[in-house]
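Asker: Task: produce atomic coordinates for the following.
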Amino acid sequence: MKKAGLIICLLLLIGCKSKTVNRNTEDLKIKKVSSAEVNSNQQRKAYELGKRVLETCNTSKFKPFNETEVTKSVMENTTEERLTKTCQRFRQYYGSFIDLKLDGVYKTKQEVIYRYRALYTKKVANKELRIFVNQDNLISAIKSMDWDEKFDAKITEQ
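Answerer: Numbering: from 1, shown residues only. As a prediction, the model looks like this:
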């Protein structure tokens, strides 16, 4: 009986073939945008919304997003509870939020990415905030992460 089970398992493994995923690599490519190509209204919007999120850590008050600013998924994921939890950790490690400094603007086929260095009172803070703006001029993602010094090098390699 054990041999029969082993043979069936072996046949199932052999019979299962991995699927090949056909993905257009053009959709994934990121290109740096020159300052002349940047939409100043869109840049201002990305800065203001990013700053609004991080200033929540200083004031403990969050003005919720609306459907003219962000996508539905960003609106659902950016709750006061989640921000409070993140802010507690950020204030402990990095101090108070000061400002955002634009480091670069990048473009994919579907989105524009604004990459900001987040400035905090403690000098150990080396964080970045990426704001993704879709084709409808809505913020489609907001990501906070450790600063990546080699980000531009990775872009030019593609």
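Asker: Three-state assignment for the residue nearest the centre of the chain, please.
Answerer: Taking C-alpha atoms, centre = their mean, the centroid of the chain lies closest to Lys143, which sits 3.1 Å from it. Of the three states, Lys143 takes strand under DSSP: H, G, I helix; E, B strand; the rest coil.
Asker: just checking, what packs against the helix or strand harbouring Glu81?
Answerer: Using DSSP states H and E, Glu81 sits in helix 80-94. If you count contacts as 3 or more C-beta pairs under 8 Å, 6 or more residues apart in numbering; DSSP states H and E, helix 80-94 packs onto helix 40-59. For glycine as for every other residue, the C-beta is placed from the backbone atoms N, C-alpha and C.
Asker: Keeping just the C-alphas, turn the helix it packs on into PDB.
Answerer: Extracted C-alpha coordinates of helix 40-59, given in PDB (Å, rounded to 0.1, in the frame of the first residue of the first chain):
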ATOM      1  CA  SER A  40       5.000  70.600 -11.000                       C
ATOM      2  CA  ASN A  41       1.400  70.300  -9.800                       C
ATOM      3  CA  GLN A  42       1.800  66.500  -9.500                       C
ATOM      4  CA  GLN A  43       5.100  67.000  -7.700                       C
ATOM      5  CA  ARG A  44       3.500  69.400  -5.200                       C
ATOM      6  CA  LYS A  45       0.600  67.000  -4.600                       C
ATOM      7  CA  ALA A  46       3.000  64.100  -3.900                       C
ATOM      8  CA  TYR A  47       5.000  66.200  -1.600                       C
ATOM      9  CA  GLU A  48       2.000  67.600   0.300                       C
ATOM     10  CA  LEU A  49       0.400  64.100   0.800                       C
ATOM     11  CA  GLY A  50       3.700  62.500   1.800                       C
ATOM     12  CA  LYS A  51       4.400  65.300   4.300                       C
ATOM     13  CA  ARG A  52       0.800  65.000   5.600                       C
ATOM     14  CA  VAL A  53       1.300  61.300   6.400                       C
ATOM     15  CA  LEU A  54       4.700  61.800   8.200                       C
ATOM     16  CA  GLU A  55       3.600  64.900  10.100                       C
ATOM     17  CA  THR A  56       0.900  62.700  11.600                       C
ATOM     18  CA  CYS A  57       3.700  61.300  13.800                       C
ATOM     19  CA  ASN A  58       4.400  64.800  15.200                       C
ATOM     20  CA  THR A  59       0.800  65.900  15.700                       C
END
